[in-house]
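Novice: Just the structure for this:
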Amino acid sequence: MRIRVLGTAAGGGLPQWNCGCAECTAARRGGEARSQDCLAVSGDGRAWYLVNASPDLRTQLLAAPELAPAPGTRDTPLRGVLLTSGELDHTLGLLTLREASGFTVHATAPVRHALHHAFPVGPLLAAYTGADWHTVTPGKPVDLEGGLRAEAFALGGKRPRYAAHLPDRLPEHLPDHLPDHGDWVTGYRFTEDGTGACAVYAPGLADWTPAMDAAVAGADVVLLDGTFATAGELADRTGGARRSPGMGHLAVHDSLPHLALRPGPCYLYTHLNNTNPLARRTPPEVLAAGAEVAREGELIELP
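Specialist: Numbering: from 1, shown residues only. Model (predicted):
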C-alpha cells in the first residue's frame, strides 16, 4: 500500500489569507506553507484514490508524480474519491476533476444528498464528466481497484453549515434512503489484499469512540485529527469563543492519552488549523506518545 499525503492543513490552509495570528505570520515570513488536507492511497501503485478533494487539489495533483498522466495521454491513475464529510474544504476540489473522463465518488447518504441539493456538486459535474456516485455505509467494506478495501466508520453527525436546512431524514423516494443517519463525518480503514497492510484516516475526530478503537486495532499507520493542539486554542489565539469539541474536533492534547493506551500503529496528526503551533514544531509529549505531525507531500509505503 502506498499513501501520498497531499495536504495537511485544515480549511483555509496555512497561512490563511485573512489571518495574522502568530503561526500565519511565521509561515508567511518563512515560506512554510501547508495546503488543505487531502490524501491519495493505492493498493498496487497503479490505481489511486483520493480521500477528500481539497480546494488546493490542482496544485496537489501536480506535485504527486504517481498521479501524472502518461506521455501523450489525457488519462491518469486516479480512479475515484472517498469523502469523509461534506465540508467545503473536503469537497470543493471535486469541481477541479471536471476534466476527467470519469471517476467514482464514495460518500455516506447524507453527504451524497447534500452534494446534490444544498451544494449541488453532483449536477454540476454531470454537465462535464461522468461521475459515478456510490453510497457508503459505515461497517460495510467497499472493494476498490488495485486490491484495496475501504471500510468507513462513523465519527459524528456534524453537518456542514450550508446543509443546516436539510431535514434530518432523507426523502423516502431516494434509493439510498437511510431511516436515521448521523453519518455526516466518517473515517476510513484501508486494507490491502494479500499483505494485510492497514491504514486509517480520520481527520474529523470529535471524540475517541469504540468505532475509532476498532479501526486502529492492528493498523500500521493512523492519520488522525490534529486540527487544534488544545480545546481552547482558537479562543486563546484569535479571541473567538468556539472550543474544539463544539467544532467536531478532539484536540491533540486530549487524544494523546488514547494513543498511549493503544501502542503499535504509527500515529500521524493531520488537518492542522492555521492557529495550531504543531504546524511548525512537534512538542516532546507528542513524540513521547509515539506520534508525529504528518509532513506535506510525504509518501508512506506499507509492506
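Novice: so how far is the worst-scoring helix or strand of the chain on mean pLDDT off the chain centroid?
Specialist: One helix or strand of the chain scores below all others by mean pLDDT, DSSP states H and E: helix 233-238, with a mean of 76. On the basis of Cα atoms, centre = their mean, to the nearest Å, helix 233-238 sits 23 Å off its chain's mean C-alpha point.
Novice: just the CA coordinates of the helix or strand where Gly122 lies, formatted as PDB?
Specialist: Using DSSP states H and E, Gly122 sits in helix 121-126. What follows is helix 121-126, C-alpha atoms only, in PDB (Å, rounded to 0.1, in the frame of the first residue of the first chain):
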ATOM      1  CA  VAL A 121     -21.700  19.400  -6.900                       C
ATOM      2  CA  GLY A 122     -23.200  16.300  -8.400                       C
ATOM      3  CA  PRO A 123     -25.400  18.100 -11.000                       C
ATOM      4  CA  LEU A 124     -22.600  20.500 -11.800                       C
ATOM      5  CA  LEU A 125     -20.100  17.700 -12.500                       C
ATOM      6  CA  ALA A 126     -22.700  15.800 -14.600                       C
END
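Novice: ok so, going back, may I see the buried residues of the least confident helix or strand of the chain?
Specialist: Glu233, Leu234, Arg237 (16 or more other Cβ atoms under 10 Å). Using the backbone N, CA and C atoms, a C-beta is placed for each residue, glycine as well.
Novice: Quick check: what element follows it along the chain?
Specialist: Along the chain past helix 233-238, the next helix or strand (assigned with DSSP H and E) turns out to be helix 252-261.
Novice: Against which helices or strands is that following helix packed?
Specialist: Judged by 3 or more Cβ pairs under 8 Å, 6 or more residues apart in numbering; DSSP states H and E, helix 252-261 is in contact with helix 284-288.
Novice: what's the helix it packs on packed up against?
Specialist: Helices and strands touching helix 284-288, by 3+ Cβ pairs under 8 Å, 6+ apart, are helix 252-261.
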